[in-house]
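Student: predicted model follows, preceded by the sequence.
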Amino acid sequence: MDKDRIVGSAKEFAGRAEGAVGDLAGDAQTQASGKAREAAGTVQNLYGQAKDAVRDAADTATSYAKDAYENSGDTFRDGSKAIAQKVQDNPLGALLVAGGIGFALALLMSRPARRPPPRWRYYG
């Protein structure tokens, strides 16, 4: 947990307390000061949360990269074996999927370019 989250939460709580005291006393300046401190605490807390999220994402990415580097050949071989097993288990389905992909690619590649509609002039 980042220290900005802790300090931000403390400031937020202190701002709420100061705002409550200002409400009870009817002092607008104390209320405004409490709201400002609460807002500053909220911002600092959110900043700490963002830092934690970035740190966690970086740790996760580093872990994935390290695993991929250590097991790169194994992962590729395992994936190839899994695909080969699926094709052996259901050859007709694999053929239909491959044909569908080929058909879709052929449609995408053979489509003529879109031309603007002709401009007709009507005289009448």
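Tutor: In hand now; what should we look at? Small disclaimer: the values here were computed from a predicted structure and weren't measured.
Student: send the alpha carbons of the worst-scoring helix or strand of the chain on mean pLDDT over as CSV?
Tutor: Of all regular secondary-structure elements in the chain, judged by mean pLDDT, DSSP states H and E, the least confident is helix 72-89 with a mean of 80. Extracted in CSV, the C-alpha atoms of helix 72-89 (Å, rounded to 0.1, in the frame of the first residue of the first chain):
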residue,chain,number,x,y,z
SER,A,72,9.1,-19.7,-24.7
GLY,A,73,9.8,-22.9,-26.6
ASP,A,74,7.6,-25.0,-24.3
THR,A,75,4.6,-22.6,-24.7
PHE,A,76,4.9,-22.6,-28.5
ARG,A,77,5.2,-26.4,-28.6
ASP,A,78,2.3,-26.9,-26.2
GLY,A,79,0.1,-24.6,-28.4
SER,A,80,1.1,-26.4,-31.6
LYS,A,81,0.3,-29.8,-30.0
ALA,A,82,-3.1,-28.6,-28.7
ILE,A,83,-4.0,-27.3,-32.2
ALA,A,84,-2.8,-30.5,-33.8
GLN,A,85,-4.9,-32.6,-31.4
LYS,A,86,-8.0,-30.5,-32.1
VAL,A,87,-7.6,-31.1,-35.8
GLN,A,88,-7.1,-34.8,-35.3
ASP,A,89,-10.2,-35.0,-33.1
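Student: so what does the longest helix anywhere in the chain touch, helix or strand wise?
Tutor: The longest helix of the chain (DSSP state H) is helix 28-70. Here helix 28-70 is seen to pack against helix 3-25 when contacts are counted using 3 or more Cβ pairs under 8 Å, 6 or more residues apart in numbering; DSSP states H and E. (Each C-beta comes from the backbone N, C-alpha and C, glycine too.)
Student: re earlier: hmm, who's touching the least confident helix or strand of the chain?
Tutor: With Cβ atoms under 8 Å, 6 or more residues apart in numbering as the test, helix 72-89 has contacts from A68, A94.
Student: just how off-centre is that helix within its chain?
Tutor: Relative to the chain's own centre, helix 72-89 is displaced by 29 Å; criterion: Cα atoms, centre = their mean, to the nearest Å.
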